[in-house]
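> no letters, just coordinates:
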């Protein structure tokens, strides 16, 4: 086997193994209720806070380290 084919085969096997582990950790219900909504909402919230930070100079939520 040539080195490139062997590399591609082993890379494919490794990614399939990692995907199998991820599937066992994140089953369908967790994916449906937490991962998908977070993937949709977090970029929106991050973008909104970024705009607010530029406009007002402060984030919309207090930081716990700023209490002192």
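Perfect, thanks for sending it. These numbers come from a predicted model, not from an experiment. Numbering: from 1, shown residues only.
> please count neighbours and contacts with C-alpha atoms only from this point.
Will do.
> might you list the low-confidence residue ranges for the chain?
For the chain, applying pLDDT under 70 flags the ranges 1, 48-68.
> what about 80?
1, 26-32, 35, 44-68 (pLDDT under 80).
> and the next element down the chain from the top helix by length along it?
Across the chain, the helix with the greatest residue count (assigned by DSSP state H) is helix 3-25. Sequence-wise, the next helix or strand downstream of helix 3-25 (DSSP states H and E) is helix 28-30.
> contacts for that following helix, please.
Applying C-alpha atoms under 8 Å, 6 or more residues apart in numbering, helix 28-30 has no contact partners.
> now with 10 Å, please.
Residues from elsewhere that reach helix 28-30 (C-alpha atoms under 10 Å, 6 or more residues apart in numbering): 35-36.
> now do the contacts for residue 9.
Residue 9 touches residue 3, counting by C-alpha under 10 Å, 6+ apart.
> tell me how far it lies from residue 16.
Separation of residue 9 from residue 16 (C-alpha to C-alpha, to the nearest Å) stands at 11 Å.
> now residue 3
20 Å.
> now do residue 47
For residue 47 relative to residue 16 (C-alpha to C-alpha), the value is 33 Å.
> number of residues surrounding residue 14?
12 (other C-alpha atoms under 10 Å).
> for residue 21, give its distance to residue 42.
24 Å.
> okay, residue 3 and residue 16: which has more neighbours?
It is residue 16, of residue 3 and residue 16, that has more neighbours when counted by other C-alpha under 10 Å, with 12 against 8.
> check contacts around residue 21.
residue 15.
> just use 18 as the starting number from now, easier for me
Yes, from this point I'll number from 18; that puts the last item at residue 38.
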